[in-house]
Each structure stands twice: as structure tokens, then as C-alpha cells.
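J.: make a model of this:
(2 chains)
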Amino acid sequence: MADNQQMWKELGMNLEMHDMLCEVLPGAIGDVFMSQENRPAAMDYFDMVLADVHGLRPSELVEFRKNGGKVFGTFCAYVPDEVIFAAGGIATGLCAGSQFWVPGGERYLPANTCPLIKAMLGARFDKTCPFYRLADVYIGETTCDGKKKAYEILGTDVPLHVMDLPQMKRDKDYLKWADEIKELIAVVEKTTGNKVTAENLAENIKKINVKRKALERLYSLRRNACVPISGTDTLLISQIAYYDDPERFATMVNKLCDELEQRVKDGVSVAEGKKRILITGTPMAIPNWKLHNLIETSGGVVVCEETCTGTRYFENQVDESGTTLDEMVQNIANRYMGINCACFTPNTARADDVIRLAKDSKADGVIDVNLMFCQTYDIEGRSLEERCKAEGIPFLGLETDYTDNDAQQLKTRIGAFIEMLG
Amino acid sequence: MKKYIGIDIGSTASKVCILEEGKDPVFEVLPTGWNSKITAGIIKENLEKRFGDISDAEIVATGYGRISVEYADKVITEISCHGRGGYEMKGEDCTIIDIGGQDTKYINVVNGKPVDFLMNDKCAAGTGKFIEVMANRLGLTIEELFELAKIGKPIAISSLCTVFAESEVINYMGEGRSREDLAAGVIDSVALKVATLVQRKELQDTVIVTGGFSDNEFFAGLLSKKINRNVSAMPNGRYAGAYGAALLAKEKAD
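T.: Below is the predicted model:
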């Protein structure tokens, strides 16, 4: 890890503070991941990526930038990676899933802001995340008021482009999102000096579709009656999807899926006698494994996540039939507008998704988990609960943040819910 | 004779229920103190004094300190135990409102089983802790606080936070408001917070109160008005969790 230290230093990171983060990570990985029994062997790759989360991929990005490449940091499942890769750039998710970054964010934001947004600012301003140092341009989006205002603050420290996501799903909103993607293309072209063409865009639409298909395959395998992989492991993969090289990632997920297919055939389950839980709600950015860990150590197994670190990230492909740049951009826009986030009104399609996924994955119950102060998801919880109850699906709503101080209370609620499922 | 024992280690009080074939349930209560492991040990000693060896008794532990009962055969959450015990005490399907030392729970029991529940968020408002803090501030015991509340005219205490609500009460004390009115305000505020919590959920016609104030008719009456249901006080309601644990111990064994 000596090389990492040198790299972090060159990236202008606060090494002393970053060391504190590095110290707790191995313990957390041990407690959450390595303590699980009977894990698939092909988790090796993802374990390795996680173990060196601030070294492995960042060092690739450093090399890429040395050769003139540009890195784009993103925060949301709505940002189309296709156009960034088409321009020869690299898109990387800027995760913000640790309490470690929250106090840093609270220097800039009111305490009653969602922890994800606070961590986002903390990671940037504390200089304790290499990805935040490596991104040449940040791509924000208007998915909530908290993020919109936080981007104004982030933008004082780093070049930042905000995409204006429509909040309704009328025909004109689909056109509007295509316009926004065209603006993004202009930004990436200017930053990279490369043109986005029909040819390179078609190629990258395919590339990202391949990645989405790999995740779809993983999610259809995990919901088998014989559960071949834990929800905790699957969540990690969904989190890594945001920042790994898309082609290598798809290859590794498919390799894992081959093993999982065999496990299903052989009847190898990691969840014998456990209650099947579908999680819905706000994103779980790395290293936020809190809920999965609590559920899976309380007699449950997570068989699906209807979240941005779950199905919202990969469901639906970009139509590959477009031939002109305009057609392709519209096809991309249509795919991303199909994501059902609570920032839209109305957003009944999300409840449809939850019901469909709960049935497909034969979930015994649904747990709606929202980050504290995420108003749109919090409000939507009520109608979601009504829909689930109408379908006879047991429902538990939880609100939490990145701290561990509510772990016991959550354990009681989750434990009681699982007991209730019988 | 086979014994089934439920142990409910709450944040303030620990409750024990002993079930024996052909006998009425026996209930006991002791303060939890600062260490639930020690409390669990005292309970064990008491049981051994009473019965000698208890190694063949079926023991279920519940409550926030449930993992401290190392000699328990099984650990079950307080939601399931309160649901089971409350249902048995009432003898019919009902909605249970449990006011504990550090949390307030809503449990809906249908066909004898909990089908839905809600717990208050990390906050002491609307819990026994709030009443305890306010009674101390007013220089009263909890029993005296309830007695005074009956004759007072409630002063609205609107703060959602126990610490701020305490400041609010101090301000009123500074203004020279009467203790009865303040006591009435405190109890009213707890009832209001409990009502706000449970009204997010479905309420059956039969609602019972369990937990530390469960035998308090005055409080049940106040809550009835706030949620527009007939809320019954339960004489042994504070033992609902321990009773449920003992019943579940028996059911698991059968």
C-alpha cells in the first residue's frame, strides 16, 4: 500500500485523516462480508476491489489521466454514462455512504440534510476520497432540493455541470431530457476534446447495455427459490457497478453468474429457512451495508433492492436501433426517464415496480428504508405501504442514517418484522 | 411440573412471568438498574430461590435487554411478546399501545397474531421517560403527577423534544403557572404524541394500553378522546411482554 500513500499524496489528499478511514475499513469488511458463510468463490474479485477501494481503481484513473484522459464524477443513476464513455472519458460514481464524511459536510450544510448529501460535501472538502480528487468535472442532477443547493457549494471548489432532470413524465419531458443529454455531450466534448459520434455512441450504448444485462442476470439468479448469493454481497456488486470499468465489471459479474447458475442447479443456498425481503427506498452508497447486514443477521435474506443501488440502475436497456445521433440520444433519454424516482410526480410506477419485483422475487415482506431527511421518499412511503397492504404484502417502513446508534432499535424492528412473517 | 418463564428486560423495569400448568400466572417486577446482565442474574437467583433448579424450565427473554439473559432458551422481540401477552389479557383481537420507558409501540393483533407494528423514532417524547423527567422537574412522584393532572387544566407543551419540553415547562414555572395545570399539560402532551404516532396506522375498535401506565384509567380515558376509540386500561398491562414471552415459551415447547 506504499504506492497508494504516494498516489494519495500526489492527489492532494488529507493523509492523516484518510488513514483514520483506512483503519476502520478492514474491520468493517470482516464483520459484514467475511463473516458470511458459504460465499460464492467468484466474489473474490469484488472483495479485492473493495479491500483496495481507494487504491485499485484510482490508480487506473491516475494512469488514464496521465495520458490526457478526463474523468467525470457522477452522483446519480440518471446520469447517462454512455455519452461520457463515447467521448473517451470515464464516468465514475462519487459514492457518499459513510458517516466518516458527514461531520465535514455539516460544516457547509444544515444538520437536517440527508446524510448522503452531507457525506458528498465532506468527502470533497475533507480531501479524504481519491475519486473526488480524480474527477475533472462533476456531473450533478436536480433530483432533490438538497442536492441542488449542495451542488452550488461543491461548484465553488470543482468544475460542475448540473443536468436539469424533469420532474414529470409527459412527452415533452422526454424531449427535454434528450436536450439535457445533448448539453452533457457538449460539456464532455469540450472537456475531453473528443467528438461524440453516431459510431462511438452506438458502441458505448452497447457496452453499457452489456453491463446492465449482467446485473439483470445476477438479480434474476439471486431471487431463485434456492438463494445462491446473499443480499449483502449483491449490494456490494451494485455499488461497485458505479465506478468500476464497465466491460471488466460485466465480465466479472457474468463469471459470478455462471457459478451462481451452478449453485442453483446443485441446490446450494445461503438462505435456508430465512425470510425473503425486498428492500425499497433511497440509495445505499458504498460503504453503507447497514440494513442488509442487520436483516441478514436477523433471520432474513435480501432478494431484491428496488433502489438506485439495485434495479433502478439496470432495468430497461437503451434501444440499440437508433442510427443517427439524435435518435440515439432520444433512446438514451427514454431509457433513463424510465427510472422511477420519488423526485417525480406522480410516481405511481415505482409502487408498480415494487409490487412486480416483490412477486417476481417471492418476497415474504417489503422493507422501505429511507435516509433521514429524504422528504420525497419519506412522503411516498405511505402510499407505498397502502399499495403493498392492498396486495397482501407485509410492509415495514424504516428511517435511518449512517450512524450505528440506532442499530439496536433497528434490530428490534427488523427482528419483529421477521417474526411476524412467521 | 414444567415451568414456562418470560423475562422482559425493559429500559426502566424488568418484568418476570411464571406459568405453571393449572396455576394462575405469577408476575414480578424489579428495576432494571444500570446493568441488564446483573438484573438478569438477580432474576435467575430469585427463580432458583423459588424453584431450586430451573434448568428444565423453558425461558424466553424479551425487551431491549433480552440478549443479556444468557440462560434464556430463546430470544423474541418485545413486539411479538407484547402482541401475544396483550391479546391473551384482553381475550380478543385488539390494537395494543405500549408505553415503555424509552419507546412507544403500536401493535395490531389480528387473529391472535401481530400483523403490523410501529415504534416511535429515537426520541423520548411520548414515552415513560418524558413523564419521569417532567415529574422530577415538578418535584413530584409519577403517581402524584397523575393525581394532580386530573384536576389541572392542561397547558399546551408543544416541543417535540424532551429536553426542550423541559425548558418549556421551566418557562411556565417561571411565569407562576400552577403545578396542576403543568401536570395536566405533561400528561396531555404524552397522550397527544402517542395519538399522533398511532393514528398513522389502522386502529381497531378495541384498543388496550400496556406498559408502565397501563393500569391508569385517567390516562386511558385521555387517550380514548384523542384517538376516538374506547381505550381500556389493563391492570397487569405492564407484564404483557413477560406474559407473552412465557406463553410463547410454552407454545414453542408444545
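J.: which one is B:G212 nearest to, not counting chain neighbours?
T.: B:G128 (4.9 Å; Cβ to Cβ, 6 or more residues apart in numbering or on different chains). Where C-beta positions appear, they are placed from N, C-alpha and C, glycine not excepted.
J.: so the one you found makes contact with B:I99?
T.: Yes - here B:G128 reaches B:I99: they are 5.9 Å apart, a contact under Cβ atoms under 8 Å.
J.: which one of these two is surrounded by more residues?
T.: Comparing B:G128 with B:I99 by other Cβ atoms under 10 Å in any protein chain shown, the one with more neighbours is B:I99, at 27 against 23.
J.: A:Q167 and chain B, how far apart?
T.: For A:Q167, the distance to chain B (Cβ to the nearest Cβ, to the nearest Å) stands at 26 Å.
J.: taking chain A, what residue is nearest to chain B?
T.: Using Cβ to the nearest Cβ, the single residue of chain A nearest to chain B is A:A416, 3.4 Å away.
J.: surely that residue touches B:S80?
T.: Yes - applying Cβ under 8 Å as the test, A:A416 and B:S80 come out as touching, 6.0 Å apart.
J.: roughly how far apart are B:L222 and B:E202?
T.: 21 Å (Cβ to Cβ, to the nearest Å).
J.: between those two, point out the one with more neighbours.
T.: Set B:L222 next to B:E202 and count neighbours by other Cβ under 10 Å: B:L222 wins out with 23 against 13.
J.: so what does the longest helix seen in chain B touch, helix or strand wise?
T.: In terms of residue count, the longest helix belonging to chain B (DSSP state H) is helix B:179-198. Packing partners of helix B:179-198 (3 or more Cβ pairs under 8 Å, 6 or more residues apart in numbering or on different chains; DSSP states H and E): strand B:94-99, strand B:104-110, helix B:128-137, helix B:142-151, helix B:162-174, helix B:217-227.
J.: what comes into contact with that helix?
T.: Under the contact criterion Cβ atoms under 8 Å, 6 or more residues apart in numbering or on different chains, helix B:179-198 has outside partners B:95, B:97, B:99, B:104, B:106, B:118, B:120, B:125-127, B:130-131, B:134-135, B:138, B:140, B:145-146, B:148-158, B:160, B:165, B:169, B:172-173, B:218-219, B:222-223, B:226-227.
J.: put the buried members of these into a ChimeraX selection.
T.: Those of the contacts of helix B:179-198 that count as buried under 16 or more other Cβ atoms under 10 Å in any protein chain shown are selected in ChimeraX with:
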select /B:95,97,99,104,106,118,120,125,126,127,130,131,134,135,138,140,145,146,148,149,152,154,155,157,165,169,172,219,222,223,226,227
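J.: what's the helix or strand for residue 84?
T.: Just going to use chain A. Taking DSSP states H and E as the criterion, the element that holds A:I84 is helix A:81-86.
J.: correction: the question concerned chain B.
T.: helix B:78-90.
J.: angle of that helix against strand B:104-110?
T.: Inter-element angle recorded for helix B:78-90 and strand B:104-110: 60 degrees (by axes from the mean of the first three to the mean of the last three Cα atoms, to 10 degrees).
J.: coming back round to it: what touches both of A:A416 and B:S80?
T.: The contact lists of A:A416 and B:S80 share B:P114, where a contact means Cβ under 8 Å, 6+ apart.
J.: which bits of chain B sit near chain A?
T.: B:64, B:76-80, B:103, B:113-117, B:119, B:121-122, B:200 (Cβ under 8 Å from any Cβ of the partner chain).
J.: and which of those is nearest to B:T210?
T.: B:T210 lies nearest to B:E78 out of these, by Cβ to Cβ, at 10.2 Å.
J.: ok so, going back, which residues do B:G128 and B:I99 both contact?
T.: Common contacts of B:G128 and B:I99 (Cβ under 8 Å, 6+ apart): B:211-213.
J.: which residues in the stretch 201-350 of chain A form helices?
T.: Applying DSSP state H, counting those that start in this stretch to the stretch 201-350 of chain A gives helices spanning A:231-240, A:246-266, A:290-296, A:311-314, A:325-337, A:348-360.
J.: what's around B:G221, how many residues?
T.: B:G221 - counted by other Cβ under 10 Å - has 14 other residues nearby.
J.: same thing with B:K113?
T.: So B:K113, with other Cβ under 10 Å, has 15 neighbours.
J.: ok, A:P115 touching A:D401?
T.: Yes - assessed by Cβ under 8 Å, A:P115 is found in contact with A:D401 at 4.5 Å.
J.: who's more crowded, these two?
T.: A:P115 (27 against 19).
J.: which pLDDT does the model give that one?
T.: On pLDDT, A:P115 comes in at 98.
J.: contacting residues for it?
T.: A:99, A:102, A:371-373, A:401-402.
J.: and the gap between it and B:I107?
T.: For A:P115, the distance to B:I107 - Cβ to Cβ - is 30 Å.
J.: for A:M372, same thing?
T.: Counting by Cβ to Cβ, the gap from A:M372 to B:I107 is 24 Å.
J.: more neighbours, the two?
T.: Regarding A:M372 and B:I107, a neighbour count based on other Cβ under 10 Å identifies B:I107 as having more, with 31 against 18.
J.: if the more buried one is in a bridge, with which residues?
T.: Beta-bridge pairing for B:I107 (DSSP bridges): B:I96, B:F117.
J.: now do the contacts for it.
T.: B:79, B:82-83, B:86, B:95-96, B:98, B:114, B:116-117.
J.: for those residues, which one is nearest chain A?
T.: Proximity of these to chain A (Cβ to the nearest Cβ) peaks at B:I79, which lies at 3.4 Å.
J.: is it true that the closest one touches B:F117?
T.: Yes - B:I79 is in contact with B:F117 according to Cβ under 8 Å; the separation is 4.9 Å.
J.: what is in contact with these two at once?
T.: The contact sets of B:I79 and B:F117 overlap at A:413, A:416, A:420, B:105, B:107 (Cβ under 8 Å, 6+ apart).
J.: of those, grab the buried ones for PyMOL.
T.: Per 16+ other Cβ under 10 Å, the buried members of these correspond to this PyMOL selection:
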select buried, (chain A and resi 413+416+420) or (chain B and resi 105+107)
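J.: can I get stretch A:114-127 as CSV, trimmed to CA atoms?
T.: Extracted C-alpha coordinates of stretch A:114-127, given in CSV (Å, rounded to 0.1, in the frame of the first residue of the first chain):
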residue,chain,number,x,y,z
CYS,A,114,-29.8,13.8,4.2
PRO,A,115,-26.5,12.0,5.2
LEU,A,116,-25.8,11.2,1.5
ILE,A,117,-25.6,14.9,0.6
LYS,A,118,-23.6,15.8,3.7
ALA,A,119,-21.1,13.0,3.0
MET,A,120,-20.8,14.2,-0.5
LEU,A,121,-19.5,17.6,0.6
GLY,A,122,-17.5,16.1,3.4
ALA,A,123,-15.7,13.7,1.1
ARG,A,124,-14.8,16.6,-1.2
PHE,A,125,-13.8,19.3,1.3
ASP,A,126,-12.1,17.0,3.8
LYS,A,127,-10.0,15.6,0.8
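J.: so how far is it from its chain's centroid?
T.: Averaging C-alpha positions (Cα atoms, centre = their mean, to the nearest Å) puts stretch A:114-127 16 Å from its chain's average.
J.: would you list the phi and psi of residue 242?
T.: Going with chain A. Dihedral pair for A:Y242: phi -70, psi -20, per degrees, to the nearest 10.
J.: my bad, chain B
T.: phi -70, psi -40.
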